[in-house]
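J.: Pasting the sequence and the predicted coordinates here, then a few questions.
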Amino acid sequence: MMQASLSEIFCSVQGEGPYVGYRQAFVRFTGCNLNCNYCDTPVEATEVCRFENVPGSNTFQDVANPLSPEKVSEMVNSYKALHSVSLTGGEPLLCADFISALETDAPLYLESNMTLPHMAKKVKDKVSYVSGDVKLLPHSLLDDPDLHLERTIECFRALKTTKDRDCFCKIVVTKETPADDIEGVVGAISGYISSLILQPVTQKEMQPEPGYLLELQGSLLNDVNTRIIPQTHKMWGCL
């Protein structure tokens with residue numbers, strides 16, 4: 001039986017990127033294939049999945065892991081008036097077969113680190129929105145930086161924008177993120193995405209200067225629609 005371990009399911013609004021403010025169900029998978037130095041999300045497997053019965057109540061019911069696609073679909077479909085269902089993590093593509101088996105009323109919105117192209121191909125006809133992160137990590141955190149970049153580009157190619165799917169790219173920028181690295185990867189994927197979001201890292205001690213971001217945006221606008229959007233959900237304290 002196909003099952004997956006989830007840490008939580010809740011209803012809120014999207015807090016990042018061009019779909020800020022849209023009402024979504026969030027399905028958070030455990031486990032990740034990367035170890036980003038700015039990650040603020042626990043990814044360890046949990047014995048239970050926290051399920052918020054009433055949107056905005058911050059009251060959760062514990063549901064034993066692992067869960068079936070049928071059970072998760074039932075839980076998500078209990079929420080009404082959703083724009084979409086955010087599949088987040090961790091890294092959701094580690095559970096691509098599970099995602100393919102979901103039957104939700106609202107369309108699927110994949111949030112991925114875009115490093116698992118063979119899994120991306122499994123869900124390309126299942127998801128309607130792709131929030132694809134480019135992880136520009138220090139080379140010390142990667143076994144093979146060139147292969148990491150190659151897989152990222154292949155993922156964007158597999159999940160590119162079509163008439164039935166919107167794929168945009170989000171890059172979390174720290175004060176140590178080289179502009180050359182950003183411009184290089186954006187040049188390789190600009191034909192696959194509808195827009196690029198530069199997201200300044202939330203941790204203040206790691207944030208780049210505003211002037212740096214504006215100069216970078218000015219350069220990137222030559223290749224792709226580029227916007228600067230920080231995380232918004234943490235500004236008003238929602239999930």
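T.: Received, thanks. Predicted model, so just to flag it, every value in this text is computed and none were measured.
J.: residues near K126, how many?
T.: Using other C-beta atoms under 10 Å, K126 has 16 other residues around it. Using the backbone N, CA and C atoms, a C-beta is placed for each residue, glycine as well.
J.: Roughly how far does it sit from L214?
T.: For K126, the distance to L214 equals 37 Å [C-beta to C-beta, to the nearest Å].
J.: likewise Q203?
T.: According to C-beta to C-beta, Q203 and L214 sit 20 Å apart.
J.: cool, V43 as well?
T.: V43 is 33 Å from L214, by C-beta to C-beta.
J.: So which elements touch the lengthiest helix in the chain?
T.: Longest helix in the chain, counting residues (DSSP state H): helix 145-158. Applying 3 or more C-beta pairs under 8 Å, 6 or more residues apart in numbering; DSSP states H and E, one finds that helix 145-158 contacts helix 117-123, helix 179-189.
J.: of all the ones you listed, which lies closest to P69?
T.: Evaluated over the helices and strands packed on helix 145-158, closeness to P69 peaks at helix 117-123, with 12.5 Å, by C-beta to C-beta.
J.: helix or strand right after that closest one?
T.: In the C-terminal direction, the helix or strand that comes right after helix 117-123 (DSSP states H and E) is strand 127-133.
J.: what angle sits between the helix or strand containing L216 and helix 179-189?
T.: Under the criterion of DSSP H and E, L216 resides in helix 210-220. For helix 210-220 against helix 179-189, the angle by axes from the mean of the first three to the mean of the last three C-alpha atoms, to 10 degrees is 30 degrees.
J.: Tell me the first helix or strand C-terminal of helix 210-220.
T.: strand 226-228.
J.: hang on, V185 packs against L136?
T.: Yes: counting by C-beta atoms under 8 Å, V185 does reach L136; the two are 7.2 Å apart.
J.: related to what we said a few turns ago, return the most buried member of the helices and strands packed on helix 145-158.
T.: helix 117-123 (a mean of 18; mean count of other C-beta atoms under 10 Å).
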